[in-house]
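Undergrad: this one's sequence-less:
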């Protein structure tokens, strides 16, 4: 919390305690599309209902199979996490625009630790790897907390292509490699 200046050691006015900084990590604004009417909105969906419902908007905009599969996996994980760790009501919403399928899952809970998913959970723990997998798989995924609770928002598009089975996947823009 100190800096060395010409006058000697002084307390830094810009120092932020790590706990304070991490606590604000999820204080991010909503994506602009979330201010528009969704094409799909489900309250307290099961993972099965969410997986089934999310295929239709992806198919309607002719997304490649890899993008639809990624959306189905991500919605399954986020809806399951919401039911296991969050608080009701939970809401699944989806929008299509400009060749992208954007999905948000919101519940009334406080959300996980702000750094969830940035490192994989130990293999011997019963949970904790889902968000890590999604962060590896999706180039556009964000999570946040606000007065409504905790939200995970992600999108997939035509730029998501599958390569060889068992090999990496990446968006055409080269955002992030993914292991399938």
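TA: Structure's in. What do you need? This structure is a prediction, so every number in the text was calculated from the model and none was measured.
Undergrad: can we go C-alpha only for contacts and neighbour counts from here?
TA: Fine.
Undergrad: quick one: low-confidence parts of the chain?
TA: Applying pLDDT under 70 to the chain picks out residues 16-18, 21, 23, 161-180.
Undergrad: go again with 50.
TA: 163-180 (pLDDT under 50).
Undergrad: mind listing the helices for it?
TA: Listed from the start of the chain, the chain has helices (DSSP state H) covering 18-23, 47-60, 65-85, 130-137.
Undergrad: okay, those helices in a markdown table with distance to residue 92 and mean neighbour count next?
TA: Putting the helices of the chain into a markdown table (distance: least, C-alpha to C-alpha, whole Å; neighbours: other C-alpha atoms under 10 Å) gives the following:
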| stretch | distance to residue 92 | mean neighbour count |
| --- | --- | --- |
| helix 18-23 | 25 | 10 |
| helix 47-60 | 8 | 17 |
| helix 65-85 | 8 | 20 |
| helix 130-137 | 17 | 20 |
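Undergrad: of all those helices, which lies closest to residue 91?
TA: helix 65-85 (8.7 Å; C-alpha to C-alpha).
Undergrad: shouldn't residue 66 be in contact with residue 160?
TA: Yes. With contact defined as C-alpha atoms under 8 Å, residue 66 reaches residue 160; the gap is 6.6 Å.
Undergrad: what's the closest non-adjacent residue to residue 151?
TA: Using C-alpha to C-alpha, 6 or more residues apart in numbering and skipping the chain neighbours, the partner closest in space to residue 151 is residue 106 (4.2 Å).
Undergrad: so that neighbour sits right up against residue 90, yeah?
TA: Yes. Counting by C-alpha under 8 Å, residue 90 is a contact partner of residue 106 at 5.5 Å.
Undergrad: give me the common contacts of those two.
TA: Shared contacts of residue 106 and residue 90 (C-alpha atoms under 8 Å, 6 or more residues apart in numbering): residue 82.
Undergrad: ok, the two, which is more surrounded?
TA: Neighbours per residue (other C-alpha atoms under 10 Å) separate residue 106 from residue 90, with residue 106 holding more: 28 against 22.
Undergrad: what segments of the protein are strands?
TA: 2-5, 8-11, 40-43, 90-97, 100-107, 140-146, 149-157, 160-161, 168-171, 178-179 (DSSP state E).
Undergrad: save the ones you listed as CSV, and put in distance to residue 114 too.
TA: Shown next, in CSV, are those (distance: least, C-alpha to C-alpha, whole Å):
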stretch, distance to residue 114
strand 2-5, 26
strand 8-11, 28
strand 40-43, 25
strand 90-97, 19
strand 100-107, 15
strand 140-146, 8
strand 149-157, 11
strand 160-161, 27
strand 168-171, 25
strand 178-179, 22
